[in-house]
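# one predicted model, sequence on top.
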Amino acid sequence: MNSNLNKDEQDKMTNRRQFLKGAGAAALGAGMISRVSLAALPESPSSMSATMEPPPEPTSGRWYNPVVTLNGWSLPWRMKNGWKEFHLTAEAVEREIAPGMTARLWGYNGQSPGPTIECVEGDKVRIFVTNRLPEHTTVHWHGIFLAAGMDGVGGLSQPHIPPGKTFVYEFELKQSGTFMYHPHADEMVQMAMGMMGSLVVHPKDPELHKVDRDFCFLMSAYDIDPGTMTAKVNTMLDFNLWTWNSRVFPGIDHLVCREGDRVRVRMGNLTMTNHPIHLHGLNFEVAGTDGGWVRPEARWPEVTSDVAIGQMRAIEFDADAPGDWAMHCHKSHHTMNPMGHSVPNMIGVDQREVQQSIAKLLPGYMVMGERGMADMGEMTMPLPANTLPMMTGEGQFGPIEMGGMFTVLKIRADQKANDYTDPGWYDFPAGTVAYEVDLS
Amino acid sequence: MNSNLNKDEQDKMTNRRQFLKGAGAAALGAGMISRVSLAALPESPSSMSATMEPPPEPTSGRWYNPVVTLNGWSLPWRMKNGWKEFHLTAEAVEREIAPGMTARLWGYNGQSPGPTIECVEGDKVRIFVTNRLPEHTTVHWHGIFLAAGMDGVGGLSQPHIPPGKTFVYEFELKQSGTFMYHPHADEMVQMAMGMMGSLVVHPKDPELHKVDRDFCFLMSAYDIDPGTMTAKVNTMLDFNLWTWNSRVFPGIDHLVCREGDRVRVRMGNLTMTNHPIHLHGLNFEVAGTDGGWVRPEARWPEVTSDVAIGQMRAIEFDADAPGDWAMHCHKSHHTMNPMGHSVPNMIGVDQREVQQSIAKLLPGYMVMGERGMADMGEMTMPLPANTLPMMTGEGQFGPIEMGGMFTVLKIRADQKANDYTDPGWYDFPAGTVAYEVDLS
Amino acid sequence: MNSNLNKDEQDKMTNRRQFLKGAGAAALGAGMISRVSLAALPESPSSMSATMEPPPEPTSGRWYNPVVTLNGWSLPWRMKNGWKEFHLTAEAVEREIAPGMTARLWGYNGQSPGPTIECVEGDKVRIFVTNRLPEHTTVHWHGIFLAAGMDGVGGLSQPHIPPGKTFVYEFELKQSGTFMYHPHADEMVQMAMGMMGSLVVHPKDPELHKVDRDFCFLMSAYDIDPGTMTAKVNTMLDFNLWTWNSRVFPGIDHLVCREGDRVRVRMGNLTMTNHPIHLHGLNFEVAGTDGGWVRPEARWPEVTSDVAIGQMRAIEFDADAPGDWAMHCHKSHHTMNPMGHSVPNMIGVDQREVQQSIAKLLPGYMVMGERGMADMGEMTMPLPANTLPMMTGEGQFGPIEMGGMFTVLKIRADQKANDYTDPGWYDFPAGTVAYEVDLS
């Protein structure tokens, strides 16, 4: 929700306008807070930032403990005659996937995913949806109990929202929990382009299911050729960008907690395959799904939760182990960025002669992989523009050699209650790190 | 189980006989109720219909509340000296996948999947299996507790059933629940060709696990090139027909319930990937698996159940929300029919010049996708024969733009107890449908 | 741990040395028990065998009931000042995948997977890791509660272990359960090459979670072209060898139990896709995960457990049904070995003319698949060297037509308590096997 743009951002804006124009959309000025010219509608604020916005306390309506959207923000509302009114705008957006790469996607209110919608059990909610896309759309409120005509399935439960039009959804929230919103119109295309957002309904009684930290994100996958910016929309399996909130490592926010915190992480999956989300150093329980809260006696202790497509999982744990703990999808090709998957295995192949031959033609050519791929984590290879290295990231002990769905849970003794600022790398106590044996 | 054929059906029969002949099978007349010439064997009735047959009450043996097989039927039996005798015939079949497309598959008793076998805990069951295929087969009774020699694993627990021969399986049912049958011989081929069926064992006490509506289906996937009829048998991942009981939307039966019904849906997966089955408007619990009934305190509230391969899930819910509710696999390429997956993303690309150039050569040529893919849900493109559109279906508000594993749960206040007839689209009460904002 | 080599094995050794040399590793003599020259380090014993070693009772430290590692062994330790000291060596290895095929992988202590590490809740454990690979590595102790600096994530929690160096990990076990170890450095490559091992922590009180038989294995997948020996390391989905402990059917050990035994099978998944593990004849519960023990009231009855990547499942059942019971992954292309997936479906195609034409040029040429693929389970086709047939295995009733992740659970009334010897095929009582109907 930054309203000031620097030079680089202005340049991006120019390209972006062309993208939008090419797509035929009558777009709002992007990257700026929109100024609604129609008094009848609530404002539809827009963000061009992929930086997490510290969660604001609610300023009207029932109180709740706000969630932290990784690399995202929550949508403001206005109260009107007892209704909470939100305004989503479906539109073409630019999303920084990680520093060094920006994608042209479709989303809501300037970003993909769209802003998190937070409300409270019992709220009467009215959501205006303006369609600034070049084709029709709808919004389905995944997991919400509502009248069939508010369910958002184009053709079945409502007419599609044509380009340029604004529709209204209304429902009273009969439940609390973890939900999401996404189109149910030209669905494969619109989700492959990044249209989705989290929808959190807090319990009416704030003591119920109370936690100290409450994070949320959605998983999406994109197929963007190296050197290009636009996602392919017909890919079924071979995606090359596996994201949390349309971000990849090292662009995904860290999860910062105080030692002793009760922590919840709400995750939803809108890709084309399961994601087994693994947490190091701690075990956790699935405390809630998009179908409701799981009774305590039915919960399993886990370190990896397999989140299926169209499922949400709210995991909870006690942050009782200080340190930097990896949190990632356990499919190892989902913790990689694009490039390199068709490289043959050169392990054990002596390439020195080949290198010399090629280097005559291409000075600076280097061979890779004859001892493994770890080189790729530390070297700087020339990459096409707007392309991320396959393995990247740097920790305090060297290259982390990851990408995709990977981030770090940072548990510290000294974090202040409402401080979400990254505390930097963990300061390991002496003698607690794996060490080299001195055989001299 | 229709015994009368119209002209079109007779034409189909001729082709089908050639398919069977080419396959080398000494086939029974297809599409007709077979007339068993061997007095020693129970009849092996055959169906050529893909229309759901309203469930018949049992006429002999213990009473039970019959299941509704989507686009299918239950196999009759005869009682003989205290044994329930069924007769399955493994054979080449033709299955209408949806209106407009028929596939040449292998199945049982005229259809793929084969008929549902229903029996009751405590029953002594004898199942004759006649092999009319060109190669050997067996039948494995997935999930059933039985003697090891009745388990149906070719080579391991029994000799294979050669073409033309009839084998007998016998077991006494020690359990109730949701099971299936399929070959355990040349398994990848025979399941890729559609050989499978549901097997439901009702509790001895009909008050146990009692529901008002009890639906069942199996999930299977086929790889049939557009314009052809026969499934490829070596595909591992890239299937293009994702089916429930070998049917795709809009060919899958609707699930019709009365408001207030307790409803069970039994689903099994014999494809090559998980299917996260999502229900709109309601939440549900997994009440049973192919391993037994789940104790109530261990159940989770869900809106999406990830059904793994070789698993069955009996989900239950209270149909307390009237309306038309989508029910589908949440992998968005599983709610699509064949064609179009290799189409490049034309979003944002102005194709007018290209269109003009090509239209000179190919009058009527039209470009697609420059604004998204939603056009495909409503336009009529020329398709190869025997091929379904990628996105199709029409609701009361316009194109539904789906295919594959998608159908509608229809909950009505006014349905009669034993009436499974489709009630048509929901009559929405005034003011309950998402509506356009009038900004004038 | 055999120290004697026959001629064939010596030939293999020569090739293996070249592989190791090509890879640049300063390798220990392979296949022999290594003789540690450094008195300060515990011995790092090595195995060249893929045969299951009957579990030895612990000879020092707390008593426990040892696990049986399928086609594997448990790593000895030494006690030193109250610490259990183990020594793992990461190195290039040769693994017999099944009789007839050997793969060049990376592993630990001579094999892939590495030896099982067994310890007891409360143990203080010190693990030396020597890196004999051509690139750096680390070891992550998946699921273990430990200090963040012992967690093994290269760059994040420790410096990488360079080639030739030895690092030390230390932790005190606060939990019991089923865990694993694997690298967290160049992760996709090192796991695609087979680096992993089981890690079992027994309860301090041996009466807790007590079973009679306790099996364990890890699932891994390889992509090795027919006729070659080295796994490709960039494959994402299209693996052709789906293994349990780097073995495929018919090379996977049988699970031998006495009738009436309480049995546990601990399984972990480090492939790139879920494996739904199906057991015939019995149902089971998931009693434990890598996050802890599942409380009894939360367990589900199952016959198929979908093991996600980065998950472990300890299933338990009562072996109350004597017989030979198939146990396998239910994805049917995971119970196949390489070759044949691109073969077109010839079902129903009369190939006699084609055969005659080709046979003139290629005497002995035979056509396949016109009646299905079952022929492939029994015929001997010429295969490239070091390549397994797609469908293979022979039972007492004929070809089993399987491969990959398939083995047999053998429950016998007459097995002695500590006898893990394969008892041969089941002796079926008269009249308990599916039989052919005599219609004469």
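Sure, I can see it.
# stretch A:60-71: which residues count as buried?
A:Gly61, A:Arg62, A:Tyr64, A:Asn65, A:Pro66, A:Val67, A:Val68, A:Thr69, A:Leu70, A:Asn71 (16 or more other CB atoms under 10 Å in any protein chain shown). All C-beta atoms are positioned from the backbone trio N, CA, C, and that covers glycine.
# and it, how far apart are its ends?
Terminal residues of stretch A:60-71 lie 24 Å apart, using CA to CA, to the nearest Å.
# select from the buried residues of stretch A:60-71 every entry located in strands.
A:Val68, A:Thr69 (DSSP state E).
# ok, so of the buried residues of stretch A:60-71, who is nearest chain B?
A:Val67 (19.7 Å; CB to the nearest CB).
# the buried residues of stretch A:60-71: which two are farthest apart?
Maximum pairwise distance in these, criterion CB to CB, is 26.9 Å, between A:Arg62 and A:Asn71.
# flag the least confident of the buried residues of stretch A:60-71.
Within the set of the buried residues of stretch A:60-71, pLDDT is lowest for A:Gly61 (91).
# how about that residue, phi and psi?
A:Gly61 has phi and psi values of phi 80, psi -170 when expressed as degrees, to the nearest 10.
# and it, how far from chain C?
As judged by CB to the nearest CB, to the nearest Å, A:Gly61 and chain C stand 36 Å apart.
# just checking, that residue touches A:Gly82?
No. Counting by CB atoms under 8 Å, A:Gly61 does not reach A:Gly82; the two are 9.6 Å apart.
# any stretches of the stretch 301-440 of chain A with poor pLDDT?
Confidence mapping of the stretch 301-440 of chain A against pLDDT under 70 gives the ranges A:339-370, A:376-381, A:415-418, A:440.
# ok, which stretches of it are strands?
A:304-307, A:312-318, A:323-329, A:392-395, A:398-402, A:406-412, A:435-436 (DSSP state E, counting those that start in this stretch).
# with just CA atoms, put the first one into PDB.
Taking only C-alpha atoms (Å, rounded to 0.1, in the frame of the first residue of the first chain), the coordinates of strand A:304-307 have been written out as PDB:
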ATOM      1  CA  THR A 304       5.300 -33.100   7.900                       C
ATOM      2  CA  SER A 305       1.700 -32.300   6.900                       C
ATOM      3  CA  ASP A 306       0.700 -33.300   3.400                       C
ATOM      4  CA  VAL A 307      -1.500 -30.500   2.200                       C
END
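# touching it from outside, list them.
Residues from elsewhere that reach strand A:304-307 (CB atoms under 8 Å, 6 or more residues apart in numbering or on different chains): A:219, A:267-269, A:274-279, A:284, A:286, A:313, A:315, A:330, B:306, C:274, C:290-291, C:306, C:308-311.
# tell me the contacts of the spatially closest residue to A:Met188 that is not a sequence neighbour?
Once flanking residues are discounted, A:Met188 sits nearest to B:Ser332: 4.1 Å by CB to CB, 6 or more residues apart in numbering or on different chains. The contact partners of B:Ser332, by CB under 8 Å, 6+ apart, come to A:Glu187, A:Met188, A:Met191, A:Ala192, A:Met272.
# now render those as a markdown table, adding secondary structure and neighbour count.
Converted to a markdown table, those look like this (DSSP: H, G, I helix; E, B strand; the rest coil; neighbours: other CB atoms under 10 Å in any protein chain shown):
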| residue | secondary structure | neighbour count |
| --- | --- | --- |
| A:Glu187 | helix | 27 |
| A:Met188 | helix | 25 |
| A:Met191 | helix | 21 |
| A:Ala192 | helix | 29 |
| A:Met272 | coil | 22 |
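# reformat the residues you listed as JSON lines; add distance to B:Ala385 and pLDDT.
Shown next, in JSON lines, are these (distance: CB to CB, whole Å; pLDDT from 0 to 100):
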{"residue": "A:Glu187", "distance to B:Ala385": "27", "pLDDT": "89"}
{"residue": "A:Met188", "distance to B:Ala385": "25", "pLDDT": "87"}
{"residue": "A:Met191", "distance to B:Ala385": "31", "pLDDT": "93"}
{"residue": "A:Ala192", "distance to B:Ala385": "30", "pLDDT": "93"}
{"residue": "A:Met272", "distance to B:Ala385": "30", "pLDDT": "95"}
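# report the two of the residues you listed separated the most.
A:Glu187 and A:Met272 (12.0 Å).
# residue of the stretch 301-440 of chain A nearest chain B, please.
Nearest to chain B, among the residues of the stretch 301-440 of chain A, is A:Gly310, at 2.6 Å (CB to the nearest CB).
# quick one, what contacts the closest residue to that residue other than its chain neighbours?
Closest residue to A:Gly310 in three dimensions, ignoring its sequence neighbours and counting by CB to CB, 6+ apart: B:His330, at 2.6 Å. By CB under 8 Å, 6+ apart, the contact list for B:His330 reads A:Ala308, A:Ile309, A:Gly310, A:Gln311, B:Pro276, B:Ile277, B:His278, B:Thr304.
# and which of these is nearest chain C?
A:Ala308 (9.4 Å).
# now the strands: where do they sit in the stretch 101-250 of chain A?
A:101-108, A:117-120, A:124-131, A:140-142, A:166-172, A:177-182, A:197-202, A:213-222, A:241-244.
# from the chain's centroid, how far away is the fourth one?
The gap between where strand A:140-142 is centred and where its chain is centred comes out at 18 Å by CA atoms, centre = their mean, to the nearest Å.
# for it, packing partners?
Packing partners of strand A:140-142 (3 or more CB pairs under 8 Å, 6 or more residues apart in numbering or on different chains; DSSP states H and E): strand A:177-182.
# direction included, what does the strand it packs on pair up with?
Strand A:177-182 has its sheet partners listed here by DSSP bridges as strand A:140-142 (antiparallel), strand A:197-202 (antiparallel).
# which stretch among those comes nearest B:Gln175?
strand A:140-142 (35.7 Å).
# who touches the closest one?
Residues from elsewhere that reach strand A:140-142 (CB under 8 Å, 6+ apart): A:150-153, A:169, A:171, A:179-184, A:199, A:268, A:290, A:310, A:312, B:280, B:303.
# from the residues you listed, keep the buried residues only.
Here, 16+ other CB under 10 Å leaves A:150-153, A:169, A:171, A:179-184, A:199, A:268, A:290, A:310, A:312, B:280, B:303 buried among the contacts of strand A:140-142.
# quick revisit: of the strands paired with strand A:177-182, which is nearest A:Met390?
Nearest to A:Met390, of the strands paired with strand A:177-182 and by CB to CB, is strand A:197-202 at 28.9 Å.
# CA atoms of that closest one as PDB?
In PDB, the C-alpha atoms belonging to strand A:197-202 read as follows (Å, rounded to 0.1, in the frame of the first residue of the first chain):
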ATOM      1  CA  GLY A 197      -6.500 -15.100  -1.500                       C
ATOM      2  CA  SER A 198      -6.800 -16.200   2.100                       C
ATOM      3  CA  LEU A 199     -10.000 -15.700   4.100                       C
ATOM      4  CA  VAL A 200      -9.800 -16.000   7.800                       C
ATOM      5  CA  VAL A 201     -12.800 -16.000  10.100                       C
ATOM      6  CA  HIS A 202     -11.900 -15.400  13.700                       C
END
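# top strand in chain A by residue count?
strand A:83-98.
# now do that one: which elements does it pack against?
Judged by 3+ CB pairs under 8 Å, 6+ apart, the packing partners of strand A:83-98 are helix A:7-22, strand A:78-80, strand A:101-108, strand A:124-131.
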